[in-house]
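A.B. asks: predicted model follows, preceded by the sequence.
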There are 2 protein chains.
Amino acid sequence: MSEITEVENPYRQIERATVSDAIVDQLRGLVAQGVLKPGDRLPSERELCKRFGVGRTSVREALKPLITMGLLEGRMGSGTFVAAETGQFQKSLQWGLLSDLQSRDDLVETRHMLETNAAYWAAERAGEENLAVIRVTLNGMEENLGHPTIFQKFDADFHFEIARAAQNRMLYRLINVIRGQIQTWIGERLALTPDRSEILARTSLAQHRDIFAAIEAKDGPAARAAMDRHIQTATQDLAK
Amino acid sequence: MSEITEVENPYRQIERATVSDAIVDQLRGLVAQGVLKPGDRLPSERELCKRFGVGRTSVREALKPLITMGLLEGRMGSGTFVAAETGQFQKSLQWGLLSDLQSRDDLVETRHMLETNAAYWAAERAGEENLAVIRVTLNGMEENLGHPTIFQKFDADFHFEIARAAQNRMLYRLINVIRGQIQTWIGERLALTPDRSEILARTSLAQHRDIFAAIEAKDGPAARAAMDRHIQTATQDLAK
DNA sequence: TAGGCCAGCTGGTCAGACCAATTTTAGAAA
DNA sequence: TTTCTAAAATTGGTCTGACCAGCTGGCCTA
């Protein structure tokens, strides 16, 4: 039966049949290579038609998916632009992970996994510059214990910076998208119980300090444990 | 400064400015609700034009992103179909996670995180039917120690079934897409060192048995540890 | 009955026109 | 000269109608 191993499919995938897909690949490549940078304006559709030597339909059908995916951004009357880097993956990940989300538990659980691991790796790899930025977010939280909206902003930044310090782009993107979703819930929650917010903020700040201390000490397991406690607390507050 | 908290944006997001986006939402909803099931054929583009009361351009610009995203599948001359469920998220996740992947380490590391957690949760939640399916994949591996391609198939299924048993759809999808990528590397690897494959397979099988034993015993930490060892071994084999 | 051929579907592409938002420009007013 | 405004040019969004290229199914021959 070892013939089966020989059946290494000799049939190569049919190459790009459609014009628009070819354009998609080309544009995607230009953005990936950095020829087109975030904020850059693409040539107008009519111009692209001439350059690619195709009809406007094909150009537009290539741009459309890239826009939907969040890689580009179309502004009527003004042009098509390369989206900011953070937004480039956000949308496609939202599509894949959140579009038909049925269970909040899945999301909370996944978040727990992502953030505890991020804390662990951040402790292992954070450089001085990472620590400095995280410190800033801690100060920001401390100075805004009474201002839920601002506090929450620094809170979010704290977690983002830890994710960045973990030096894993994939992990960073995943945390980005999932936290974006959770953020909206937090917003609703805060609006409901504004009186308790300062108490929650104090607890939260203390836990953030624990996490940071562990990261600063380059103690991965401790950082993971501290983040674990924090997420559990936060989840419970959110659920109540 | 507490006014800032009052600045709860009173501006609602502008409703769908573009026609095609509205159609995208509608079609996405129909698929999500199950009105359109995988494999179903959509009405022809001309027909959709009449039903939505819009031009064909708009219909096509709505279908295009959904096709690129993997939710639909266009077959020239035959029609547009709803894609198989597993493929629906695969593509959009690939876009978001793998499209500009620069470092294999990121992927290997993320995989490690996902699979160890999947093993843990599988141990906590796997039902009898989950265990039965996993058992089948173990037998499949045992019977095909000398047939790398088939062995690898059962190997992959083993991990997929554990991911399924973890009962977290988000985790399942992530493992799906990342493993899909890694699978290609494994394929290249096997082609290079066919002689050692049976030795590797025996080691692999033993480790899989450990993992399964822990899951069967509903011992989460043990399952995580066993998966940890397995992934580390597999990663090293792959790296050499 | 078996095989092949053709008409009529389908999606893919093109061209040209018009709309609506935006930017640019040119002219009028200060 | 400067400033403000209104028209013109530019850009993405939509519509129409036409044609091409695959696919399907049924009819028709051998």
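C.D. replies: Arrived safely, thanks for sending.
A.B. asks: closest to the centroid, which residue in chain A?
C.D. replies: residue A:176 (2.6 Å; CA atoms, centre = their mean).
A.B. asks: count of neighbours near residue A:84?
C.D. replies: Neighbour count of residue A:84, defined by other CB atoms under 10 Å in any protein chain shown: 12. In short, each C-beta sits where N, CA and C put it, glycine included.
A.B. asks: dump the residue contacts of it.
C.D. replies: Under the criterion of CB atoms under 8 Å, 6 or more residues apart in numbering or on different chains, the contact list for residue A:84 reads A:38, A:39.
A.B. asks: how near is it to residue B:126?
C.D. replies: As judged by CB to CB, to the nearest Å, residue A:84 and residue B:126 stand 42 Å apart.
A.B. asks: can I assume residue A:146 sits in a helix?
C.D. replies: No - with DSSP: H, G, I helix; E, B strand; the rest coil as the criterion, residue A:146 is assigned coil and is not in a helix.
A.B. asks: which one is it nearest to, not counting chain neighbours?
C.D. replies: Counting by CB to CB, 6 or more residues apart in numbering or on different chains, residue A:146 lies nearest to residue A:198, which is 5.7 Å off, once chain neighbours are set aside.
A.B. asks: in a strand, residue A:17, correct?
C.D. replies: No - under three-state DSSP, residue A:17 sits outside any strand and is assigned coil.
A.B. asks: quick check: closest non-adjacent residue to residue A:103.
C.D. replies: residue B:169 (7.2 Å).
A.B. asks: thought the one you found was touching residue A:102?
C.D. replies: Yes - if you go by CB atoms under 8 Å, residue B:169 and residue A:102 touch, sitting 7.2 Å apart.
A.B. asks: before we move on, back to that, ok, then the element right after the host helix or strand of the residue nearest to residue A:146?
C.D. replies: Element membership for residue A:198 (DSSP states H and E) is helix A:197-216. Using DSSP H and E, the helix or strand that directly follows helix A:197-216 along the chain is helix A:220-239.
A.B. asks: now the strands for chain A?
C.D. replies: A:72-75, A:79-82 (DSSP state E).
A.B. asks: list the helices and strands the last one packs on?
C.D. replies: Going back to what we said before, that points to strand A:79-82. Secondary-structure packing of strand A:79-82 (3 or more CB pairs under 8 Å, 6 or more residues apart in numbering or on different chains; DSSP states H and E): strand A:72-75.
A.B. asks: which ones are touching residue A:42?
C.D. replies: Counting by CB under 8 Å, 6+ apart, residue A:42 touches A:27, A:36, A:48, A:72, A:79, A:80, A:81, A:82.
A.B. asks: and the longest helix along chain A, how far out from the chain middle?
C.D. replies: With secondary structure taken from DSSP state H, chain A has its longest helix at helix A:169-192. Taking CA atoms, centre = their mean, to the nearest Å, one finds the center of helix A:169-192 at 9 Å from the center of the full chain.
A.B. asks: thought residue A:150 was touching residue A:140?
C.D. replies: Yes - using CB under 8 Å, residue A:150 is in contact with residue A:140, at 7.5 Å.
A.B. asks: show me what from chain A comes close to DNA strand C.
C.D. replies: By CB under 7 Å from any atom of the strand, the residues of chain A that approach DNA strand C are A:18-20, A:49, A:54-58, A:61, A:75-78.
A.B. asks: related to what we said a few turns ago, what's the most buried one of the strands of chain A?
C.D. replies: Most buried of the strands of chain A by mean neighbour count (mean count of other CB atoms under 10 Å in any protein chain shown) is strand A:79-82; its value is a mean of 18.
A.B. asks: near DNA strand D, anything from that one?
C.D. replies: Yes - using CB under 7 Å from any atom of the strand, strand A:79-82 comes into contact with DNA strand D via A:79, A:80.
A.B. asks: what pLDDT does the closest residue to residue A:32 other than its chain neighbours get?
C.D. replies: Residue nearest to residue A:32 in three dimensions, not counting chain neighbours: residue B:100, with 4.6 Å by CB to CB, 6+ apart. Note on residue B:100: pLDDT of 76.
A.B. asks: also residue A:196?
C.D. replies: Note for residue A:196: predicted pLDDT of 71.
A.B. asks: now stretch A:57-67: buried residues?
C.D. replies: Buried residues in stretch A:57-67, defined by neighbour count with 16 or more other CB atoms under 10 Å in any protein chain shown: A:58, A:59, A:60, A:61, A:62, A:63, A:64, A:65, A:66, A:67.
A.B. asks: again with stretch A:42-50
C.D. replies: Neighbour counts over stretch A:42-50 (16+ other CB under 10 Å) mark A:42, A:48, A:49 as buried.
A.B. asks: you'd agree the second one is up against residue A:59?
C.D. replies: So the one you mean is residue A:48. Yes - applying CB under 8 Å as the test, residue A:48 and residue A:59 come out as touching, 4.8 Å apart.
A.B. asks: ok, back up a step: name the helices or strands packed onto the longest helix of chain A?
C.D. replies: Short answer (3+ CB pairs under 8 Å, 6+ apart): helix A:169-192 packs on helix A:85-93, helix A:104-125, helix A:148-165, helix A:220-239, helix B:104-125.
A.B. asks: what's the angle between it and helix A:220-239?
C.D. replies: Using axes from the mean of the first three to the mean of the last three CA atoms, to 10 degrees, one finds that helix A:169-192 and helix A:220-239 are set 30 degrees apart in direction.
A.B. asks: now do the buried residues in helix A:169-192.
C.D. replies: Buried residues in helix A:169-192, counted by 16+ other CB under 10 Å: A:169-179, A:182, A:186, A:189-190.
A.B. asks: what's the closest of those to residue A:91?
C.D. replies: residue A:177 (8.9 Å; CB to CB).
A.B. asks: any regions of chain A where pLDDT drops low?
C.D. replies: For chain A, applying pLDDT under 70 flags the ranges A:1-16, A:190-195, A:240.
A.B. asks: out of the buried residues of stretch A:57-67, who's near DNA strand D?
C.D. replies: Residues of the buried residues of stretch A:57-67 in contact with DNA strand D (CB under 7 Å from any atom of the strand): A:60, A:63, A:67.
A.B. asks: who's in contact with the closest residue to residue A:69 other than its chain neighbours?
C.D. replies: Leaving aside its sequence neighbours, residue A:69 sits nearest to residue A:92 (CB to CB, 6+ apart; 4.7 Å). Shown in contact with residue A:92 (CB under 8 Å, 6+ apart): A:69, A:70, B:69, B:92, B:93, B:95, B:96.
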